[in-house]
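Enquirer: Show me how the following folds:
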Amino acid sequence: MDNMQIARIVATIFDIYAILYPIFSWGFIIYILSSWVPGLRESRFGEILGRVYEPLLEPFRRIIPPLGGMLDLSPLVFIIVLQLFNYGMRSIFATIINGLLT
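Expert: From the prediction side, this is the model:
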């Protein structure tokens with residue numbers, strides 16, 4: 001395989017990532033906002049979102065206790081980490097693709 005084919009494969013993987021990341025991010029925002037809607041987290045949709053996002057929030061909740069016993073800042077920290085991850089992934093993909101094309 002030449003570099004052009006590898007660059008196309010990496011670009012395709014990046015395209016898939018670029019589609020899945022916003023879906024994942026919006027799903028998380030919907031999950032967090034669902035705590036404000038009575039009964040939504042207990043619905044089937046809320047349970048599915050809980051199975052996806054609760055295991056990701058658990059490590060942050062162990063590190064960051066709720067303020068005043070009620071205000072949970074772990075989702076905010078998770079969003080920041082998720083954004084940093086996204087910037088890193090985009091940079092890695094760009095570096096790989098540019099390196100293969102030059």
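
Enquirer: quick one: Tyr53 from Gly68, how far?
Expert: Distance of Tyr53 to Gly68, computed by Cβ to Cβ, to the nearest Å: 23 Å. No exception for glycine: its C-beta is placed from N, CA and C like everyone else's.

Enquirer: The two - which one has more neighbours?
Expert: Tyr53 (18 against 6; other Cβ atoms under 10 Å).

Enquirer: How about that one: what's its closest non-neighbour residue?
Expert: The shortest distance from Tyr53 to any non-neighbouring residue, by Cβ to Cβ, 6 or more residues apart in numbering, is to Tyr31 (4.9 Å).

Enquirer: The one you found: neighbour count?
Expert: Tyr31 has 21 nearby residues by other Cβ under 10 Å.

Enquirer: What pLDDT does the model give it?
Expert: For Tyr31, the pLDDT comes out at 94.

Enquirer: I'd say it and Leu49 touch.
Expert: Yes: contact criterion Cβ atoms under 8 Å: Tyr31 and Leu49 qualify, at 4.2 Å.

Enquirer: returning to that earlier point: any idea how far Ser25 is from the residue nearest to Tyr53?
Expert: From Tyr31 over to Ser25 (counting by Cβ to Cβ), the distance is 11 Å.

Enquirer: the helices in the chain, which residues?
Expert: Secondary structure of the chain by DSSP state H: the helices cover 3-33, 44-63, 74-101.
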